[in-house]
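In: Give me a model of this one.
(one chain, ligands or ions: 1)
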Amino acid sequence: MTISWTIEGVREAVAAKKVSARELAGEFYKRIEARNAELNAFLTLSPERAYAQAERVDAMVAAGKPLPPLAGVPVAIKDVISTRGIRTTCGSKILEKYVPPYDATAVERLEKAGAVILGKTNCDEFAMGSSNENSAYGPVRNPEATDHVPGGSSGGSAAAVAAGLAVAALGTDTGGSIRQPGAFCGVPAMMGSYGRVSRYGLIAFASSLDRIGPFARNVKDVASVLQIISGRDPQDSTSTTAPVPDYRAETEKPVKGLRIGIPTEYFGAGMDEGVRKKVEAGIELFKKLGCKLLDIHMPHTDYAIATYYIIATAEASSNLARYDGVRYGLRVEGDSLLSMYRKTRGAGFGAEVKRRIMLGTYVLSAGYYDDYYLKGQKVRALIAQDFRDAFTKVDAIVTPTSPVPAFRLGERTNDPLQMYLADIYTVTGSLAGVPGISIPCGKVCGKLPVGLQIFGRPFGEARVLQLAHAFERAGGADL
Ligand code: GLN
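Out: Take a look at the predicted model:
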């Protein structure tokens, strides 16, 4: 069986009865069995649920019924997204035994569309990290180079798709956690606009930034999954009522004449030379495709990391207050209520999560709120304004996804600041709420994938996918 099953390939094979959905699920579980001990991409498998769903699909095939768009497609779900009856840990000890009583809307929609949920993928604890090394369940290895990190925080989802252990996967992106691991593992990965995909059932890290989005083996498949999970959900008041275009069809539109902005600020110091060359070659490819290139300025880019780490930690400190040993997950008894809280949170949370709770509590505290949190919100507005200004002149913005390719396991774990800087090109779009995709753009050192990022206007996902697809079709991945 081919490693590179695509959604279209699965649909055709299942519809033509070349393979049953059940056989296909079995084949993917075999692959997982063969590779997961090394990669550590999956934390929990859900064969009962997967086979039950596969049998429903096979019954539809047998009855000659029309098949839903993801019929029989094996998918993986990041472990911060709730799955009814399937353990959901957030990569944390504090939720080691937590089994959600309901499904996230994105999961429910995938299953309704015929997808087969294989299991839950490893991630940085509560999605805080850029390398997957903050998981309480051990790091994930990059399938392209196993002594390197897969990126984070959705490292397990990226690795699962890159290694052919799932046809598509859901991740979450708060400051880059879909796009950066997509870049490091060499698979297309997309974050829709804030509000495009319901957050219902996504266990919160930073609510004003968190977004669910897909990893897949090609841009068309990214479009297919995004299409299914997008759209208004009454359970999430921040989900938009804006209609969802036919993303898959939109990818076919010609890109000739589209204006692409290249922000000078995204090609500064600290960037790996190999990455720079590949991304420059990628930009040339857009020119060959008939796009117009324009140099633009996004003057507040320099403040994005600081702003992100103030806002994200502030929201995290508030969201994570719920893990108190009373309502959810782990409880370590103490001789008073306070000591129970202390012991529970002390044992349940890892170092990075504690660091962020402390930072976030500080920036929200009386006396510092105006200087940090409020200031952060103001700068966030300026960063969003940079994007609005740019989009009066261009149709899309192209940048590197990350300044560096996948680093070695352990290389940055002792230097949180160095780790935070890996997000320098992704957090801007997160703060601005715009959609962004990372697509493969060649490799450096013969093995480490480089990601090219495309930002679009709010709710302009179709344009982003259109450019990404044209780039992929023109051979961008092999530059
Ligand atoms: N790496 C960033 C962080 O650690 C982004 C994480 C994310 O997008 N979930 O916060």
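In: Chain neighbours aside, what residue packs nearest to G290?
Out: Closest residue to G290 apart from its sequence neighbours, by C-beta to C-beta, 6 or more residues apart in numbering: K256 at 3.4 Å. For every residue, glycine as well, the C-beta is placed using N, CA and C.
In: need the contact list for that neighbour.
Out: 289-291 (C-beta atoms under 8 Å, 6 or more residues apart in numbering).
In: And those residues, which is closest to K447?
Out: L289 (27.0 Å; C-beta to C-beta).
In: Wait, that closest one touches G475, no?
Out: No: counting by C-beta atoms under 8 Å, L289 does not reach G475; the two are 10.8 Å apart.
In: hang on, the earlier thing: in PyMOL, how would I select just the buried ones from the contacts of K256?
Out: Those of the contacts of K256 that count as buried under 16 or more other C-beta atoms under 10 Å are selected in PyMOL with:
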select buried, resi 289+291
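In: and which of the contacts of K256 is nearest the ligand?
Out: C291 (28.3 Å; C-beta to the nearest ligand atom).
In: Need the pLDDT of the closest one.
Out: If you check C291, the pLDDT there is 98.
In: ditto for the one 4 residues further on
Out: Confidence per residue is given as pLDDT, and for D295 that number is 98.
In: list the contacts for it?
Out: Applying C-beta under 8 Å, 6+ apart, we find D295 in contact with 261-262, 264.
In: Which of the three states applies to it?
Out: Following DSSP: H, G, I helix; E, B strand; the rest coil, we place D295 in the strand state.
In: from now on call the first residue 4
Out: Sure, I'll start numbering at 4, so the last one becomes D298.
In: separation between the residue nearest to G293 and K291?
Out: Going from K259 to K291 by C-beta to C-beta, to the nearest Å gives 11 Å.
In: Repeat that for A40.
Out: Applying C-beta to C-beta to A40 and K291 gives a distance of 44 Å.
In: helix or strand for S433, which one?
Out: helix 430-435 (DSSP states H and E).
In: Tell me which other helices or strands that helix touches.
Out: helix 307-322, helix 378-393 (3 or more C-beta pairs under 8 Å, 6 or more residues apart in numbering; DSSP states H and E).
In: Show residues contacting that helix.
Out: Contacts of helix 430-435 (C-beta under 8 Å, 6+ apart): 176-179, 194, 212, 214, 301, 304, 307-308, 310-311, 314, 383, 386-387, 389-390, 438-439, 456, 458.
In: of these, buried ones?
Out: Neighbour-count burial (16+ other C-beta under 10 Å) is assigned, among those, to 176-179, 194, 212, 214, 301, 304, 307-308, 310-311, 314, 383, 386-387, 389-390, 438-439, 456, 458.
In: The ligand next: which of those residues are close?
Out: Residues of the buried ones among the contacts of helix 430-435 in contact with the ligand (C-beta under 6 Å from any ligand atom): 176-179.
In: would CSV of those residues with secondary structure, pLDDT and distance to S320 be doable?
Out: Output for these, formatted as CSV (DSSP: H, G, I helix; E, B strand; the rest coil; pLDDT from 0 to 100; distance: C-beta to C-beta, whole Å):
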residue, secondary structure, pLDDT, distance to S320
D176, strand, 98, 20
T177, coil, 98, 14
G178, coil, 98, 16
G179, coil, 98, 20
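In: from those residues, which is closest to E283?
Out: Ranked by distance to E283 (C-beta to C-beta), those are led by G179 at 21.2 Å.
In: So the closest one sits against D426, correct?
Out: Yes: between G179 and D426 there is a contact under C-beta under 8 Å: 4.5 Å.
In: Find residues that contact each of these two.
Out: Counting by C-beta under 8 Å, 6+ apart, the contacts common to G179 and D426 are 133, 405.
In: hang on, the earlier thing: reformat the contacts of K259 as a markdown table; add distance to the ligand and secondary structure.
Out: Shown next, in a markdown table, are the contacts of K259 (distance: C-beta to the nearest ligand atom, whole Å; DSSP: H, G, I helix; E, B strand; the rest coil):
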| residue | distance to the ligand | secondary structure |
| --- | --- | --- |
| L292 | 30 | coil |
| G293 | 33 | coil |
| C294 | 28 | coil |
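In: okay if I get the helices and strands packed on helix 430-435 as a markdown table plus distance to S433 and mean pLDDT?
Out: Formatted as a markdown table, the helices and strands packed on helix 430-435 follow (distance: least, C-beta to C-beta, whole Å; pLDDT from 0 to 100):
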| stretch | distance to S433 | mean pLDDT |
| --- | --- | --- |
| helix 307-322 | 7 | 97 |
| helix 378-393 | 10 | 98 |
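In: residues contacting the closest residue to the ligand within the stretch 254-403 of the chain?
Out: Using C-beta to the nearest ligand atom, the single residue of the stretch 254-403 of the chain nearest to the ligand is A315, 5.5 Å away. Applying C-beta under 8 Å, 6+ apart to A315 gives the contacts 177-178, 208-209, 212, 359, 363.
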